[in-house]
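> coords please:
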Amino acid sequence: MSNTLESRNLTMLVDFYELSMANGYFTNGFKDTVAYFDMFFRKVPDHGGFAIMAGLRQLVDYLKNLKFTQKDLELFRRKGFNEDFIEYLRDFKFTCDVWAIPEGTPIFPGEPIITVKGPVIEAQLIETMVLLTINHQSLIATKANRLKRAAGDRIIMEFGSRRAQGYDAAIYGARAAFIGGCDATACTIDERDFGVPAVGTMAHSWVQLFGDEYEAFKAFARQYPDNCTLLVDTYNVLKSGIPNAIRAFNEEVLPRGFRPKGIRIDSGDITYLSKKARKMLDDAGFPDCKIVASNSLDELIIRDMLIQGAQVDSFGVGERLITAASTPVFGGVYKIVAVEENGVPVPRIKLSENVQKITTPCAKKVYRLFDNDTGKALADVITLLDEEIDSSTDYELFDPDYTWKRKTITNFTAKPLLVKIFDKGECCYDCPDIKDIKAFCNEQVATLWDEVKRFENPHTYYVDLSQRLWEEKKSLLDEYSQKTK
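Reported below is the predicted structural model:
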């Protein structure tokens, strides 16, 4: 499988302040200081109950290929960077440890989804690409999952390449959409590079070029009798599109021993038109001919169409998926949480007048607790790095903001979520095939209660802190509160 990142060196895709800080770290004696950084996000897009982790494969590829070129070094010299720092970058080698929650996993606000441990210069330099890669693909995968849940067992196709914000957004957005739940994409390069099935039939220009709709349909049916889906809304869906499609099916598809695959409606009141089209196709002897709908769809429109009885078998979703138009920013952040002193991680915390921006300090782990009877996820718990959650005994959960809200759980299994991806700069993780990631995503979403999956006012899935971690955080908050009195 080829990879579109292999031919590009993206080491310099960094915010300049990361390089400025790295130069400063170097000249101030922090070159060998080991720091811990967490990536996490604060809000689920579209006010949803959860998000979907995606983009890890591209982050792995990036971290494997970090190197600075002579052209890069010349730029740093012009920027006035320390000459010894420039020489350090000449022989730069990534040596960090990296942990990540695997792609396809449902994720929740506040919990570390990527953790980086290593020399602070290295850990700081990769911030932009960690955020760019995970933010973008997690955003699109989350949107795709909402679409798939709205459509149920009907097919969802990603049709957004021409509306994406650039070619990388089209390529990696289609990849993320497949992970989140889409069944196929119109973006052909994704089948070549990632194995995402590429699909497509015709545009209105095909019909217009022939001038006569019937002749256009016949020509297409002759060309693709085994995969014939006709676009029927160029002129009039019910008066010409469907009748001409039926004639072409009878005259060009059936005589060659095939059945028509479908018709596509791309405009008008698709719910109404699909009902009429379904009856016309059934009456003509084509009950197996599928109806495809497209045209600025999203999960709420799809849900309403189906409630209203739309006879649609598959949906092509473009701009509102590939741009996540309703909430086009994922909002993940990357924060330092600990610095090693004599080999021991010492916590760091960021305070803010906005309490949502106060970080959770310390080197940490994340567990997901599953009910053994139902298989459903009960809560996530963030712990200190040296903590283990013992599934053989009762465990008390408590809300870290409203600590009197407590619940004791029994008969559960605690599963660590963060998996080691890099060990001292060497990749130690085999990225799964994308079809396996998609299947894993589907399995993991099924472990969430339906109430968490609601589109409106979903139930809050709790991400709690262990007692020890909560005490560490409270201690730091109290300490800084005393300093600022």
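> Where does the prediction get shaky in the stretch 351-485 of the chain?
For the stretch 351-485 of the chain, residues meeting the criterion pLDDT under 70 lie at 484-485.
> what about the strands in it?
Taking DSSP state E, counting those that start in this stretch as the criterion, the stretch 351-485 of the chain carries its strands at 364-371, 377-384, 395-398, 406-409, 412-416, 419-423, 426-427, 463-465.
> which residues are in contact with stretch 328-347?
Applying C-beta atoms under 8 Å, 6 or more residues apart in numbering, the contact partners of stretch 328-347 are 33-43, 45, 51, 113-114, 120, 127, 130-131, 134-136, 138-139, 142, 348-350, 359-364, 385, 472, 476. Yep, even glycine has a C-beta here, placed from its N, CA and C like the rest.
> among those residues, which ones are buried?
For these, a burial check counting by 16 or more other C-beta atoms under 10 Å picks out 33-41, 45, 51, 113-114, 120, 127, 130-131, 134-136, 138-139, 142, 348-349, 359-364, 472, 476.
> right, and the secondary structure at Phe249 would be what?
Secondary structure, DSSP: H, G, I helix; E, B strand; the rest coil: Phe249 is helix.
> Neighbours of it, how many?
Burial measure for Phe249: 26 neighbouring residues, criterion other C-beta atoms under 10 Å.
> Glu18 versus that one, what's the distance?
Distance from Phe249 to Glu18, counting by C-beta to C-beta, to the nearest Å: 59 Å.
> again, but for Asp371
Distance, Asp371 to Glu18, using C-beta to C-beta: 42 Å.
> Pull the residues that contact stretch 166-173.
By C-beta under 8 Å, 6+ apart, stretch 166-173 touches 4, 55, 58, 133, 136-137, 140, 158, 160-162, 164, 187, 189-190, 193, 321-322.
> Keep only those of these that are in strands.
Of the positions in the contacts of stretch 166-173, Glu158 sit in strands, assigned by DSSP state E.
> and Thr413, what is it in contact with?
Neighbouring residues of Thr413 by C-beta under 8 Å, 6+ apart: Leu369, Phe370, Asn372, Ser391.
> Return the distance of it relative to Thr460.
To Thr460, Thr413 is 22 Å away according to C-beta to C-beta.
> Now do the closest residue to Arg320 other than its chain neighbours, the pLDDT please.
The spatially closest residue to Arg320, leaving aside those adjacent along the chain, is Asp298, at 4.3 Å (C-beta to C-beta, 6 or more residues apart in numbering). We have a pLDDT of 97 for Asp298.
> and if you look at Thr69?
Predicted confidence (pLDDT) for Thr69: 96.
> Without its sequence neighbours, what residue ends up closest to it?
Spatial nearest neighbour of Thr69, excluding adjacent residues (C-beta to C-beta, 6+ apart): Asn9 at 6.8 Å.
> now the residue nearest to Arg149 when sequence neighbours are not counted: how far from Asp371?
Among residues not flanking Arg149 along the chain, Lys453 sits closest, at 6.2 Å (C-beta to C-beta, 6+ apart). For Lys453, the distance to Asp371 equals 16 Å [C-beta to C-beta].
> Pop the domain breakdown of this structure in here.
According to automatic domain parsing, the chain comprises the domains 16-140+328-483, 146-322.
> Please state the offset of the shortest one from the chain centre?
Just to be clear, that refers to domain 146-322. Chain-centre distance of domain 146-322: 24 Å, with C-alpha atoms, centre = their mean, to the nearest Å.
> so where does Pro243 fall, helix or strand?
Per DSSP states H and E: Pro243 is located in helix 242-248.
> tell me the secondary structure for Ala35?
Reduced to three states with three-state DSSP, the structure at Ala35 is strand.
> likewise Thr95?
Here Thr95 is coil, with the state taken from three-state DSSP.
> Quick check, it in contact with Asp423.
No - using C-beta atoms under 8 Å, Thr95 makes no contact with Asp423, being 9.8 Å away.
> related to what we said a few turns ago, of the strands of the stretch 351-485 of the chain, flag the one that's most buried.
strand 463-465 (a mean of 23; mean count of other C-beta atoms under 10 Å).
> In space, what's closest to Met39 - neighbours in sequence excluded?
Computed as C-beta to C-beta, 6+ apart, the closest residue to Met39 that is not its neighbour in sequence is Ile114, at 3.9 Å.
> mind checking how far the residue lying closest to Ala277 once chain neighbours are set aside is from Glu252?
Ranked by C-beta to C-beta, 6+ apart and with sequence neighbours excluded, the top spatial neighbour of Ala277 is Ile242, at 5.4 Å. The gap separating Ile242 from Glu252 is 16 Å, by C-beta to C-beta.
> What count of nearby residues applies to Tyr462?
Counted with other C-beta under 10 Å, Tyr462 comes out at 17.
> who are the neighbours in contact with it?
Listed by C-beta under 8 Å, 6+ apart, the contact set of Tyr462 reads Ala379, Asp380, Leu397, Asp399.
> what's the distance between it and Arg149?
According to C-beta to C-beta, Tyr462 stands 21 Å off from Arg149.
> And Asp97, by the same measure?
36 Å.
> I'd like to know how far Asn372 sits from Glu388.
As defined by C-beta to C-beta, Asn372 lies at a distance of 18 Å from Glu388.
> again, but for Gly375
Gly375 sits 22 Å away from Glu388, going by C-beta to C-beta.
> pretty sure Leu156 belongs to a strand, no?
Just to correct that, residue 156 is Ile rather than Leu. Yes - read with three-state DSSP, Ile156 is one of the residues of a strand.
> Between which two of the contacts of Tyr462 is the distance greatest?
By the measure C-beta to C-beta, Asp380 and Asp399 form the most distant pair in these, at 12.7 Å.
> shared neighbours of these two, anything?
Jointly contacting Asp380 and Asp399 under the rule C-beta under 8 Å, 6+ apart are Tyr462, Asp464.
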